[in-house]
Structures are given as structure tokens and as C-alpha cells.
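test case, fold it:
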Amino acid sequence: VKSSARRSTLTFAMASSSAAAPRRPIRLLFRSKEAVELYELPDTASSAAATSPPKGRGKTLYKGRTTFHALNPDGECAYVHDAAVGLIRCDFDGKAGVGGPFLCDSKAIQLARCSPLGSYLLTWERPNSGANNNEGNLKVWDAKTGSFTKGFSCKKATLITLQWTHDERLVFHLVTNEVHVYTNDFVRVGKVRCMGIASFSLPSVKGTPANTVANKDGGDKYLLTAFMHGTKGKPARVDLLRYPDRIGRESSTVSHGEEKASKPSGPSLASKSLFNAEEVTVQWSPRADSALLLTQTAVDTTGESYYGSTHLFLLLENDSQRPGFGSAVSVTLPSQAAKDTSGAVPIVGASWISNPLINGPVPFAVISGRMPALTSLHHGTTTEPTFLFGRAHRNSLDVSPHGRFIVCGGYGNLAGGMDFWDRNKSKRIPRRVTLPTNASGGDGESYVTIKEPTDLSVTSSSPVVGHQWSPDSRTYLVSTTSPRMNVDNGVHIYRYDGSMVGAEKLPWDNSKYQPDKLLSAEYIAAPFSGGEDEKSFFYYPDRPQSPPPRGCTELKGEAAKAALAKLSSQIVQPKNGKNGIGGAASAYIPPAARKAKGVGGAYVPPGARKGSAGRGGGGSLAERMRQEREGSAANVSGIKVTKRTGPVGASSVSVSGATGEKSKSALRREKQRLMKEKAEKQAAEEEERKKEEEKARAEANKVNPDKRAKKIKKTLKQIEEIKKKKDSGAEMNDDQKRKLANEEDLRKELASLGL
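Presented below is the predicted three-dimensional model:
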């Protein structure tokens, strides 16, 4: 009851603050080969027709060819690099960046990143032997004034060797076998000693509850991970550490008193040996009290994966069975995930649910198994699977900032399919299509709710390179950018339910960036809320799915089918039949309506269309192969996984409501059937082999009868010797028995030669 009251209070407070002051609009940053532009996304709440905004209604921040950019985390500005000018600061609410460089001598900069709160700017450039070499090539700048703060040396082109804590009170810098710890004004206060350390990771977010633990000596405690490569005779290792009290016995800190004496540290919270890991990726939970550890090898020795073998572990700060210590456990994957030939389940991707306000442990989602891969939701402490999203060709997980909506996408070398889920309801998000008056057949407006999974799955019309949720969790961006794709560059926006926002409602024109002019496109981050409690954690309120349109009637059953069929018949056909070039633009037609007459949307071969004559509906070769590939995908979609209360040693999870499970007798019958088929196949192969041998002998006789007769006589002589051995009681092998059985055929063949 208290939890429900607290959530109600939070919703009311957010609604009140939203009504009191207008919030910053949703903005997007486009960086092309010609300019850097800022666009404001208009209201996209409804799929009905609306007033189209004028095209090109954007703000040009900088004109010129740029190499990269870095966004300030509070959404105030962007740092853009022009190789001919240097690093330029572009304020979103101020004047465009048309002046000189923001940082001095910044033409050689190749990488840049902001600190978690945006107070500092970290840059990397190639080492040089010039006059400023003593400043180092890894430089820290003041993000407000552009003044130089501190320099370090770093040969590799990377920025991960220097990281801030979430509150920017401490700075950690990686050196050989150590991580040096500094204050925010770069006064060294400690070190983390780890022999052979290759990388480390700090959480960059501040969750609620707070991700820091109070320190008795003053200050806070911060979690971090350290990865050490394997050496000869020793495997690789990952340690979960906590600064300043649990960073290893070889590490030390400096007290803040007058003596500034070195203080030893305790052992690490947890340690995990990795016998098959060359690279690690760490993803911190939104509360920063646990982390997902994805290990990967460059080459898979089994040959099953182009990307190498993968494993997934969970690092926890607090172990319930060992107070005062952490733990490192392997993530429990669903039994329905497809294994490779070696028996291992490959990990495709993993992501935390991004809302730290969730009651209980924060869950995480995993894509695992061979394609079509299985997407599942897992408990944040026990790692047990709790929900199965189903099997599909997906390799990416995008969770909305509020943790309510999830997109399972198949990008890169996959077809670009997307599934939109509501995690709170554990269901696919239904899509409502508002129908015009003439399509519904009534006096007022009406709408149809599409709920079929096959119709709710969305496929992007162009290859997807970039994908991102908006800060308010209401829209989803997909982009095609150069140099990854040098054709069809542009940006498309989808609503949280998977419906696409029409191009006429967007303030930009994608044809402006075609074929290969767009370099990147992304949402501008929301401003910092500045709150420490639940009421002010999110800048934008957490909104559920929108209710049905007011004053509209929902059509169901046959009426809905008839309305969709009528809507599809009203589609304006393209002129000259050239893929719509020169034809009038038409309204969005859902997949269910396109199937009525096979028009609208992407081209579908006749054999793959449902209801095709002589095909039985979707009976084409491609369709049958897809069904065979995906198999029982529908049987594991939308299933909740619950714990079993069985005997010790039984399976830890069971699938509620799963169908398609075979009994022992059915499995036995299937095994017998397979054995029978195998025996019949072997018999057929043996018969075919005999025919081939007989044919080969006949061909040999035609070519050279004398040579064949000589070979037959030699074989008959061997047969006579075998007979003598047999009469003496010697045991015959299979080859000798076969020769004895062929004696009569060989004599007939010799007689037929007539020699």
C-alpha cells in the first residue's frame, strides 16, 4: 500500500511540475557533410492526419565539413570538430558556432568525450615531439571556459583510460599495473594496484537509491571493475572493487589529514577467473550496485560464430550468503535457447532495464542462442529468466529511459525487424489506426486496434545504422548514415507502439541528405533533474500507453476487416508504376490492410502472399524455409517463467503455459522413426554403390577388354588361394568373403569377353 501511494504521489508531482512550467522540447542533432543542424520534434502522439510543419525548419549550428562531435550530457551544447578550425562549441539555445575554436591548438584532436556531469572535456590526439609534448596527448579541459586543466600520456587511440566517478569528485587514470586516483582538481589521493590490468570501468550514473555507500572516514565509496589479461599458466580475471576500502591488499589510499599517511586497503569484493576471455564489456545497472560482464574471444575455435565465443556473468556488490562480500555468478540462460554444436549458448546482447525506481532488484534482458535468437528477461540478483519475449532474428536491445518500453531489433546484417514491448504489461504494444470517415462507413471517426504479432512486427524500409529512444520514451529513432551506408541516408521516427511518423509531419527532408550526406543523427539528452529523491529523478514524466482517441468508436471483428479493406482500396496508385515516383502520397496503411489486396508497402512475391491460388497461403519456398527456421518461435513468445517447488536437484525454472513439449513415448517413437529412416537410407546408398560399380566395370570392358580380362584372372587366382585357406580352417574377413561371393559373376564376365 505504501509503495502504491508513493507511486501515486510521484505521478501527481510529475504532472503538477509538468503543468507548472513547460518542458524542453524533444530535439535532434543532425551532422552531415555540409553542416550541423538542430531540429525540434513536433507532437507525434496521434497517427491521424495533422498539420504538416514546414520543411527545413531547423537551426544551423555550424556550416562546414566536420569529423566528429560530442554532446554535453545535460543537453546544452555540442562540441564539433572541424579539421581546418579545431574544436568548436555550439550552444543549442544561443548563437551558432561561427566563431573561432573553443580549445586552443585543437586541430589535431581525434577523439572527445564529456565527463558525467559535463564539467570537463576529455580529448585525445596523436603524440608528437613538439614544444607542447610535456602537456601530454590525453588532455582534460574545462567545459565552460575551454581552459586547459591537466594532461596525460596515452599511446592508444582511446579515452577509457581516464574516467570520472558519477559525481565527478574523483578521477581514475589507468597506467601500467595501476590505476591512479585523483581529486577533481587532480591531486593524487590513492592507487589501485592490479598486476597486468588491461582496463577498468566506473559507473557514470547516479541511481536511486544512491549508488554510493557512506564512508566512516568521510567521503563516499565507489564501485569499479578491473580486467586483467591472462598470462602463461594463469587465466584472465575480473575483480569487483570498492574505493577506498576494498581495492586489493596491494593498493593504498592517502588520508585527508595533516599527516597524509598511506593507508592499506582490504581485499576485493569479488573475483572471477575467465578461462576463455580476450575482451570484456561492462554494463552497470542504473543503481550501480551490480554489473553485467560480457566476455568474448576474437576467434571461436568451434567455428560456430564469426564473432568468437561469448559468456555472460553478473557481478554483485552484496552477496546474501556472505555478508561483507560480493559475488560473481554466471547468468542462467533459458533452456529454450538454441545451442551450437559444442553445447554452448552464444550471447548476442544484453541490457539493463534503465529505471532505478523499480521495486526490488533491477532486471535485465538478454538475447541468446543461435538465430533465430531468444530474447528473455532475467532477475537482477538470481539471474533466473522470468519472461520470454520469443525467438526472432534480433541482435539489439533498446530500453526506453523510463524502462517501460523495449525494442528488440535486428540490425546490421539482419533485415531490420523491430518488436515493440511494454515491460510493465509483459505484452506487445497494440497499434491503433485512426480511420477517416469514408473508410469506417459511419458518421463519426473510428479506429482499429491491431493486435496480431505478425502485424505488430515492424521492418525498416532502409538499412538501420543508428537507433535510439527519445528522452521522454515516446518516440524511437532509426537512421541510415554514411560511411556505413552510402545510399538512402535519412532519419525515420517511430512511435512507442511501432507506428511510423509520416514524413510530412517531420521538420526535415530526408532527400536533402541522400544519397550519402548524413554522418550521424541522435536525440539531445534531457536536462539534469537536479533531484536526489524519487519525485525529481526524471526530467520527463513516465507515461504509460496512451488511451484510445476521444470521441472515436473502435471497430472489431468483421467491421474492422471491412474498414481496413476499404481503406486499402482507397490507396492512390503510383503513376507509371515506378515505385510511387511521381504519384500522390498516401496515408499510412497497417500490414493487416495491405494483405487484403496485396497492395501498399514493400513488394511481396505472389507465392508469399496469403491466399495465393494454389499455394495454400504463404506456401512459397521462402515462407516454408522461414517457418522451418523459426520452428516453434510462437511457443516461447510472451511466456512468464516461474520458479519450481520440486525436489532438490530438479530444474530451477519451468515454463508456465508452454506448448509443444513432447512426452517420453513421443520422443521414443521419434527416435525409432529416425533410426528406421537412417537404415533405409544406408540400404539405398549400398544399392546405388553396387550399381555404380557394375556400371564402372562395363565401361572398363568397353575401353580395354584385354586389361579387364587380365584383372579378372588375377582376382580369380586370389579366390583360389582364399578357398585353400578356408579349407584349412582359417577365418575369412569381409573383403575375402565378398570376393568369394563374386566368383560366379567374374567367371561370367570373363566368358562374355570372348578372349
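
now stretch 62-77: buried residues?
62, 64, 66, 68-77 (16 or more other Cβ atoms under 10 Å). For glycine as for every other residue, the C-beta is placed from the backbone atoms N, C-alpha and C.

isn't residue 462 right next to residue 488, touching?
Yes: between residue 462 and residue 488 there is a contact under Cβ atoms under 8 Å: 4.4 Å.

now the common contact residues for the two.
Shared contacts of residue 462 and residue 488, defined by Cβ atoms under 8 Å, 6 or more residues apart in numbering, comprise residue 480.

and the helix or strand where residue 190 lies, which strands flank it?
Assigned by DSSP states H and E, residue 190 falls within strand 188-193. According to DSSP bridges, strand 188-193 forms sheet pairs with strand 178-183 (antiparallel), strand 252-254 (antiparallel).

hey, least reliable of those strands by pLDDT?
With a mean of 60, strand 252-254 has the lowest mean pLDDT of the strands paired with strand 188-193.

all strands for the stretch 401-550 of the chain, in order.
Secondary structure of the stretch 401-550 of the chain (DSSP state E, counting those that start in this stretch): strands located at 405-409, 417-422, 427-428, 431-435, 446-450, 458-459, 466-469, 475-480, 490-495, 518-523.

among those, which comes closest to residue 91?
strand 518-523 (17.4 Å; Cβ to Cβ).

tell me the strands beside the closest one, with direction?
When DSSP bridges is applied, strand 518-523 pairs with strand 27-32 (antiparallel).

now whatever helix or strand comes next after the partner strand against strand 27-32, angle please.
Per DSSP H and E, the first helix or strand lying C-terminal to strand 27-32 is strand 35-40. Strand 35-40 and strand 27-32 are oriented at 160 degrees to each other (axes from the mean of the first three to the mean of the last three Cα atoms, to 10 degrees).

now do the buried residues in strand 35-40.
35-39.

and if you look at stretch 276-293?
276-280, 282, 284-293.

first vs last residue of it, how far apart are they?
Start to finish, the residues bounding stretch 276-293 are 13 Å apart (Cα to Cα, to the nearest Å).

show me how far that stretch is from its chain's centre.
Chain-centre distance of stretch 276-293: 15 Å, with Cα atoms, centre = their mean, to the nearest Å.

for stretch 458-466, same thing?
On Cα atoms, centre = their mean, the centre of stretch 458-466 falls 14 Å from that of its chain.

for the protein, what's the longest helix?
In the chain, with assignment by DSSP state H, the single longest helix is helix 664-703.

show me what that helix packs onto, helices and strands only.
helix 705-727, helix 743-753 (3 or more Cβ pairs under 8 Å, 6 or more residues apart in numbering; DSSP states H and E).

now the angle from the longest one to helix 664-703?
Same thing as helix 705-727. 130 degrees.

which residues of the stretch 351-500 of the chain fall in helices?
For the stretch 351-500 of the chain, the helices defined by DSSP state H, counting those that start in this stretch cover 437-440, 453-456.

hmm, back to that, who wins for proximity to residue 744 among the strands of the stretch 401-550 of the chain?
The nearest among these, by Cβ to Cβ, is strand 417-422 at 65.7 Å.

the closest one pairs with which strands, parallel or anti?
strand 405-409 (antiparallel), strand 427-428 (antiparallel), strand 458-459 (antiparallel).

residues in contact with the last one?
This points to strand 458-459. Here strand 458-459 makes contact (Cβ under 8 Å, 6+ apart) with 415-420, 494, 498, 500, 602.

burial measure for the closest residue to residue 467 other than its chain neighbours, as a count.
Once flanking residues are discounted, residue 467 sits nearest to residue 478: 5.1 Å by Cβ to Cβ, 6 or more residues apart in numbering. Counted with other Cβ atoms under 10 Å, residues neighbouring residue 478 total 27.

for stretch 445-463, measure first residue to last.
36 Å.

how about stretch 170-185?
Stretch 170-185 has an end-to-end distance of 9 Å (Cα to Cα).

tell me the buried residues in the strand holding residue 190?
So strand 188-193, judged by 16+ other Cβ under 10 Å, has buried residues 189-193.

just flag the most distant two among those.
Spanning the widest gap among those are 189 and 193, at 14.6 Å by Cβ to Cβ.

now render the buried residues of strand 35-40 as CSV, adding distance to residue 556.
Shown next, in CSV, are the buried residues of strand 35-40 (distance: Cβ to Cβ, whole Å):
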residue, distance to residue 556
35, 49
36, 49
37, 44
38, 44
39, 39
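
tell me where the stretch 101-250 of the chain has strands.
Under DSSP E, counting those that start in this stretch, the stretch 101-250 of the chain gives strands at 109-114, 120-125, 138-142, 148-152, 162-164, 170-175, 178-183, 188-193, 197-201, 213-214, 220-228, 236-243.

closest to residue 745 out of the ones you listed?
strand 236-243 (65.6 Å).

for the closest one, which helices and strands make contact with it?
Using 3+ Cβ pairs under 8 Å, 6+ apart, strand 236-243 sits against strand 188-193, strand 220-228, strand 270-274, strand 310-316.

what angle separates the first one from strand 170-175?
If I follow you right, that is strand 188-193. Calculated by the same axes, to 10 degrees, strand 188-193 forms an angle of 50 degrees with strand 170-175.

got it, and the longest one?
Interaxial angle, strand 220-228 versus strand 170-175 (the same axes, to 10 degrees): 20 degrees.

for strand 220-228, give the mean pLDDT please.
Strand 220-228 comes out at a mean pLDDT of 88.

strand partners of it, parallel vs antiparallel please.
As assigned by DSSP bridges, strand 220-228 forms pairs with strand 197-201 (antiparallel), strand 213-214 (antiparallel), strand 236-243 (antiparallel).
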